[in-house]
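Colleague: Have a look at this fold, sequence not included:
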């Protein structure tokens, strides 16, 4: 089974406190919303202190065409994606020596906030010295669940090819989808919550030679994964694509949906491994928002401290869609947890759907071909 050996993150250069963004939104929308100050309370209720954006606030004061926004997305996705990959492969916290680019066999590129053909991974291959035979697997449209889905797909790839080394690159520049003329509450809520972030994770099969270069005492070893889909729920979250770009769909019922739907899927998944929720020590949860974290706590009977890392990432960065789960995972990697600790990585996204990955912390070591590792 594969290990997760590293995560690198790269944030855009423009950081704003939540108060700065709120004041900017009030200035922008005060003539269009009679009760603007009451509506802006959502900026305080979300437990976000600040966020990174791809452009200065002045950029958002002007109308931009879909083409202008998307061209900026492509330019920054390549620039920031290159830096996140370099941080994932050259991080001295994770590796005794830098991982050569040519050691990478495949890259899963994850995004839902911009469009490019060829996909961003191809443009990045012109910037970094990867093998020309690198497998490229772009995945678009999974929203906040995309990062967890990328880890799941990398797990399946490395299970099929146990000597493989696979990157998961998530690029989400949500701020560039901002709609100045959209007066819906969904747009206002999205403006209070979403942010920009780029992250890259490295997953290696258990016959990969890179396992011997890891500096971590223990790394997350992927035991299994699960995908769940809720039929006829496309109105819960997603994009409505118009001439002006991507308009957010964001149901206020998401916390209630989580409470009624998530737990049976998690319980059923864990039972396949003879585990129950109370045996999971670490929850690597995507912090979709304060209410989403509270819904996790209620439905899974978790104490607040079980989601403290997720809450901290939300506070410092906001919701960076698919990239967020990798920011959370990076903090767990840096904690160097005890061997055989069990973790559950989980995220929710458009569909409505969930992606869940079962982890066990182990000392990275190369498995001899044909020899089975310890299993739960």
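Modeller: That came through, no problem. No experiment lies behind these values; they were computed from the predicted model shown. Numbering: from 1, shown residues only.
Colleague: what are the ranges of the strands in the stretch 251-376 of the chain?
Modeller: For the stretch 251-376 of the chain, the strands defined by DSSP state E, counting those that start in this stretch occupy 282-285, 342-349, 353-362.
Colleague: nope, the stretch 101-250 of the chain is what I meant
Modeller: Assigned strands in the stretch 101-250 of the chain, in chain order: 106-111, 135-140, 165-173, 196-204, 219-229, 237-242, 245-250 (criterion: DSSP E, counting those that start in this stretch).
Colleague: which outside residues touch the longest one?
Modeller: Spelled out, it's strand 219-229. Contacts of strand 219-229 with the rest of the structure, by CB atoms under 8 Å, 6 or more residues apart in numbering, involve 1-5, 149, 151-152, 155-156, 203, 265, 269, 272-273, 329, 332-333, 343, 345, 351-364, 373, 375-376. (C-beta placed from N, C-alpha, C; glycine too.)
Colleague: Give the ChimeraX command for selecting the buried subset of these.
Modeller: Buried residues within the contacts of strand 219-229, by 16 or more other CB atoms under 10 Å, are selected in ChimeraX with:
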select :1,2,3,4,5,149,151,152,155,203,265,269,329,332,333,343,345,351,352,353,354,355,356,357,358,359,360,361,362,364
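Colleague: Could you chop the protein up by domain?
Modeller: 3-213, 219-362 (the TED database).
Colleague: will you turn those into CSV that also has mean pLDDT?
Modeller: Formatted as CSV, the domains of the chain follow (pLDDT from 0 to 100):
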stretch, mean pLDDT
domain 3-213, 93
domain 219-362, 92
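Colleague: Just the angle for the biggest helix by length in the chain relative to strand 245-250, thanks.
Modeller: Longest helix in the chain by number of residues (criterion: DSSP state H): helix 66-90. For helix 66-90 against strand 245-250, the angle by axes from the mean of the first three to the mean of the last three CA atoms, to 10 degrees is 70 degrees.
Colleague: what helices or strands is helix 66-90 leaning on?
Modeller: strand 3-10, helix 120-125, strand 165-173, strand 196-204, strand 245-250 (3 or more CB pairs under 8 Å, 6 or more residues apart in numbering; DSSP states H and E).
Colleague: Next, the buried residues of that helix.
Modeller: For helix 66-90, a neighbour-count test (16+ other CB under 10 Å) marks 69-70, 72-74, 76-78, 80-82, 84-89 as buried.
Colleague: who's in contact with it?
Modeller: With CB under 8 Å, 6+ apart, helix 66-90 has contacts from 6-12, 54-55, 95, 98-99, 101, 104, 111, 113-116, 120-121, 123-124, 127-128, 167, 169, 171, 173, 176-177, 198-202, 243-245.
Colleague: Now which of those residues would you call buried?
Modeller: Buried subset of the contacts of helix 66-90 (neighbour count, 16+ other CB under 10 Å): 6-12, 54-55, 95, 99, 101, 104, 111, 113-114, 116, 120-121, 123-124, 167, 169, 171, 173, 176-177, 198-202, 244-245.
Colleague: which residue packs closest to residue 277, ignoring adjacent ones?
Modeller: Spatial nearest neighbour of residue 277, excluding adjacent residues (CB to CB, 6 or more residues apart in numbering): residue 300 at 5.6 Å.
Colleague: count of residues packed around the one you found?
Modeller: For residue 300, the neighbour count with other CB atoms under 10 Å is 22.
Colleague: now residue 34
Modeller: When neighbours are defined as other CB under 10 Å, residue 34 has 9 of them.
Colleague: So it: helix, strand or coil?
Modeller: Under the three-state scheme (DSSP: H, G, I helix; E, B strand; the rest coil), residue 34 adopts coil.
Colleague: Kindly present the helices and strands packed on helix 66-90 as CSV, with separate columns for distance to residue 64.
Modeller: Output for those, formatted as CSV (distance: least, CB to CB, whole Å):
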stretch, distance to residue 64
strand 3-10, 23
helix 120-125, 20
strand 165-173, 13
strand 196-204, 15
strand 245-250, 8
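Colleague: So for residue 31, which of those sits nearest?
Modeller: Between residue 31 and the helices and strands packed on helix 66-90, the shortest gap by CB to CB is with strand 245-250, which sits at 20.8 Å.
Colleague: quick one: that closest one to strand 237-242, angle?
Modeller: Angle of strand 245-250 versus strand 237-242, following the same axes, to 10 degrees, is 150 degrees.
Colleague: Can you give the contact residues for strand 245-250?
Modeller: Identification of contacts with strand 245-250 by CB under 8 Å, 6+ apart yields 66, 69-70, 113, 177, 179, 182, 184, 186-187, 189-190, 194, 235-241, 350.
Colleague: do stretch 174-189 as well
Modeller: Applying CB under 8 Å, 6+ apart, the contact partners of stretch 174-189 are 25, 28-29, 32-33, 39, 42, 53-55, 60-63, 69-70, 72-73, 113-114, 190-191, 194-196, 239, 244-250, 252, 319-321.
Colleague: Buried residues, that stretch. List them.
Modeller: Applying 16+ other CB under 10 Å to stretch 174-189 flags 174, 175, 176, 177, 178, 179, 182, 186, 187, 188, 189 as buried.
Colleague: distance of residue 250 from residue 78?
Modeller: Taking CB to CB, to the nearest Å as the measure, residue 250 falls 28 Å from residue 78.
Colleague: make that residue 361, sorry
Modeller: With CB to CB as the criterion, residue 361 and residue 78 are 34 Å apart.
Colleague: do residue 306 as well
Modeller: Taking CB to CB as the measure, residue 306 falls 37 Å from residue 78.
Colleague: Residue 218 too?
Modeller: According to CB to CB, residue 218 stands 34 Å off from residue 78.
Colleague: before we move on, what about residue 335?
Modeller: 32 Å.
Colleague: Likewise for residue 297?
Modeller: When CB to CB is the yardstick, residue 297 and residue 78 sit 38 Å from each other.
Colleague: Residue 276 too?
Modeller: From residue 276 to residue 78 the distance is 44 Å (CB to CB).
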